[in-house]
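Peer 1: Any chance you can model this:
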Amino acid sequence: MPSSSTGNPLPGLRFRQRFPLLALIIERFVLSLVLLFAVSILIFGGLEALPGDFATTYLGQSATPQAVANIRQDLGLDRPVTTRYVEWLGNAVQGDFGTSWASKNSVSEQIGKRLGNSLFLAGFAALISVPLAVALGMLSVHFRNRMPDKIINVISLAAISLPEFFIGYLLIMFFAVKLGVATFPATVYDSMGFVERLKAITLPTATLVLVVLAHMMRMTRAAILSVMSSAYMETAELKGLGAFRSIVKHAAPNALAPIINVVALNLAYLVVGVVVVEVVFVYPGMGQYMVDAVTVRDMPVVQACGLIFAAVYIFLNMIADILAIVANPRLRHPR
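Peer 2: I've put the predicted structure just below:
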């Protein structure tokens, strides 16, 4: 065991022994920051490595070399890559993502508006999919190997197999084009009322729900089935406790750790996965904003959107790890 010269454990080890849960949380937080830093390097470096630049795209094929050089100088593209990265990261930490090359507007202000739209869409989809997935998972376990269980599994497998854009186009074709009962495109604006917003996001929400619901439901089913084979569950059934009641009262709470983990991971996917859905439904969120910026090589916008999506995904994964540790005491004392 590592120790100091006096034979006592090192301070870091003593802290871990006294506060194992807090030590693990701090460790996950530090690892998340390191990962986000590495991702920022990949985002900035990857965009720099792409062929061509904004100046050429903006001026067109007939641009003179002098005009291209002038724009590159105005945008600071003639400076070293490392200098621009350090400046960009320092400003990003303070919430300043610079100015859009294409629109000349503040990237932070535009992201502030669109991020709210994306979080509203992802949050409403999570509000529907999470409780529905847990309920369907418990229902599938209750009727395991019977017709309801088989129907749920077949539908979930079909939903997992289909990509988001295909599901979205199917919903548009049936509910917006043929039946005319849904809104397309999914346009929202600041003065729109809450009920009108819900109507506008019905189809993109349904798409996201179908995408993540199947995975959460199947993982919930697997976690509960794993607990159902335990000795105490057999004892509960022998005491006369009903099958569904034993699932709700004993199996589901003991399967909480893996359920929480998969829910948190799917919430992370919801936030990042809105990119494709927003493009399909022309929804004014972060995903649509980033795709529009990619088409004109507006690098400040692409870098900002990529970093924010990465930060949200890493943060929610960190929350998933922490909740799994809190829900499962065995994870606090790894051997």
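
Peer 1: Endpoint to endpoint, stretch 84-102 covers what distance?
Peer 2: 19 Å (C-alpha to C-alpha, to the nearest Å).

Peer 1: tell me the contacts of the residue sitting nearest the centre point of the chain?
Peer 2: Nearest to the geometric centre of the chain sits Ala268, at 2.3 Å (C-alpha atoms, centre = their mean). For Ala268, the contacting residues are 312-313, 316-317, 320, by C-beta atoms under 8 Å, 6 or more residues apart in numbering. To be clear about C-beta, it is placed using only N, CA and C from the backbone, and glycine gets the same treatment.

Peer 1: Sort out for me which of those are in helices.
Peer 2: Among the contacts of Ala268, the ones falling in helices (DSSP state H) are 312-313, 316-317, 320.

Peer 1: from these, which is closest to Ser161?
Peer 2: The nearest member of the ones in helices among the contacts of Ala268 to Ser161, counting by C-beta to C-beta, is Tyr313 at 23.3 Å.

Peer 1: What is the burial count for the closest one?
Peer 2: 20 (other C-beta atoms under 10 Å).

Peer 1: so what's it up against?
Peer 2: 268, 271-272.

Peer 1: what about Leu47, how many residues close to it?
Peer 2: Count around Leu47 with other C-beta under 10 Å applied: 15.

Peer 1: Find the nearest non-adjacent residue to Glu278, please.
Peer 2: Gly287 (3.7 Å; C-beta to C-beta, 6 or more residues apart in numbering).

Peer 1: brain fart, Val209
Peer 2: Ser129 (4.6 Å).

Peer 1: cool, Pro185 as well?
Peer 2: Nearest to Pro185 is Val282, by C-beta to C-beta, 6+ apart, at 3.7 Å.

Peer 1: Can you get me a residue count around that neighbour?
Peer 2: For Val282, using other C-beta under 10 Å, the count is 12.

Peer 1: do the same with Leu127
Peer 2: 12.

Peer 1: quick one: what helix or strand has it in it?
Peer 2: Assignment of secondary structure by DSSP states H and E places Leu127 within helix 107-142.

Peer 1: So for that helix, what gets flagged as buried?
Peer 2: Residues 107-108, 110-111, 114-115, 117-122, 124-126, 129-130, 133-134, 136-142 are the ones in helix 107-142 that count as buried (16 or more other C-beta atoms under 10 Å).
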